[in-house]
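Student: Any chance you can model this:
(one chain, ligands or ions: 2)
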Amino acid sequence: MSDFKIAPSILAADFARLGEEVSDVLEAGADIVHFDVMDNHYVPNLSVGPMVAKALRDYGITAPIDVHLMVEPVDTMITEFAKAGATYITFHPEASRHVDRSVGLIRDLGCKAGLVLNPATPLEVIKHVLPQLDMVLLMSVNPGFGGQKFIPYTLDKLKMARVMIDEMGLSTRLEVDGGITVNNIAEAAKAGADTFVAGSAIFGADDYRTVIKAMRDQLAMV
Ligand SMILES: O=C(CO)[C@@H](O)[C@H](O)COP(=O)(O)O
Ligand SMILES: [Fe+2]
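Tutor: Ligands and ions are numbered 1, 2, ... in the order given. The predicted model follows:
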């Protein structure tokens, strides 16, 4: 049986009560906290920085924090998020002049490293560095906003990424991010994803436990 992980995106949480929201969603069965960082430069939106990740750690959140950097350049933020308690740090290859060096920096700081590919970015970009990655994150929407519609052609890309990871004999996690709901999570899993980011589908639901259970029920049928 696959080791599926559900990662609610804090972007859709109530920021006025973030500690409580994150704690509630973990208690409701989530595995990983997906922490979206936007700089109004790499993407046309602005969110939160390392001090908010640190505040979650200080609040008592011990679950893995999966920092999705949508910032350019990346290296300063990698250092700051590692200090703030990040578990995974992922970044977009377009946002670093020296991708291998930035990946190495994440690992040297004791975090797990990942690369994020936008829908139109070819998989070829990660090929050589794949053995150094703990996670590959495929965007199924264009980055910058929560609540967008899943782009169907990214399913084929997930399938290709799964083949690439398996053929190299790696245990790299394959995460999908954007527009994931109870209705399409199984399709993404069948295509090869094992880690599922969901923002609006989880935080927008009346009951977090019910929606996470519904997602797990879908995954159990894959
Ligand atoms: O990185 C991003 C958007 O840039 C995502 O993590 C979204 O925040 C996911 O939100 P939903 O599409 O699930 O609402
Ligand atoms: Fe994200």
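
Student: drop to CA atoms for contacts and neighbour counts, all remaining ones
Tutor: OK.

Student: Regarding residue 162, what is its secondary structure?
Tutor: The local conformation at residue 162, judged by DSSP: H, G, I helix; E, B strand; the rest coil, is helix.

Student: Okay, it and residue 195: tell me how far apart.
Tutor: The gap separating residue 162 from residue 195 is 12 Å, by CA to CA, to the nearest Å.

Student: Got phi/psi on residue 138?
Tutor: Residue 138 adopts backbone torsions of phi -100, psi 120, taken as degrees, to the nearest 10.

Student: which residues are common contacts for residue 162 and residue 195?
Tutor: Both residue 162 and residue 195 are in contact with residue 174, where contact means CA atoms under 8 Å, 6 or more residues apart in numbering.

Student: more crowded one of the two?
Tutor: residue 195 (24 against 20; other CA atoms under 10 Å).

Student: Contact partners for that one?
Tutor: For residue 195, counting by CA under 8 Å, 6+ apart, the contacting residues are 4, 5, 6, 7, 173, 174, 175, 176.

Student: let's see 7 Å
Tutor: With contact taken as CA atoms under 7 Å, 6 or more residues apart in numbering, residue 195 is in contact with 4, 5, 6, 173, 174, 175, 176.

Student: again with residue 133
Tutor: 113, 114, 172.

Student: Also residue 129?
Tutor: So residue 129 contacts residue 100 (CA under 7 Å, 6+ apart).

Student: residues in contact with the helix or strand where residue 24 lies?
Tutor: Following DSSP states H and E, one finds residue 24 within helix 18-27. Helix 18-27 is contacted from outside by 13, 14, 56, 59, 61, 208, using CA under 7 Å, 6+ apart.

Student: 8 Å - rerun?
Tutor: So helix 18-27 is contacted by 8, 10, 13, 14, 32, 33, 56, 59, 61, 63, 208, 209 (CA under 8 Å, 6+ apart).

Student: what helices or strands is the helix or strand just after that helix leaning on?
Tutor: Sequence-wise, the next helix or strand downstream of helix 18-27 (DSSP H and E) is strand 33-38. Applying 3 or more CA pairs under 8 Å, 6 or more residues apart in numbering; DSSP states H and E, one finds that strand 33-38 contacts strand 5-8, strand 65-70.
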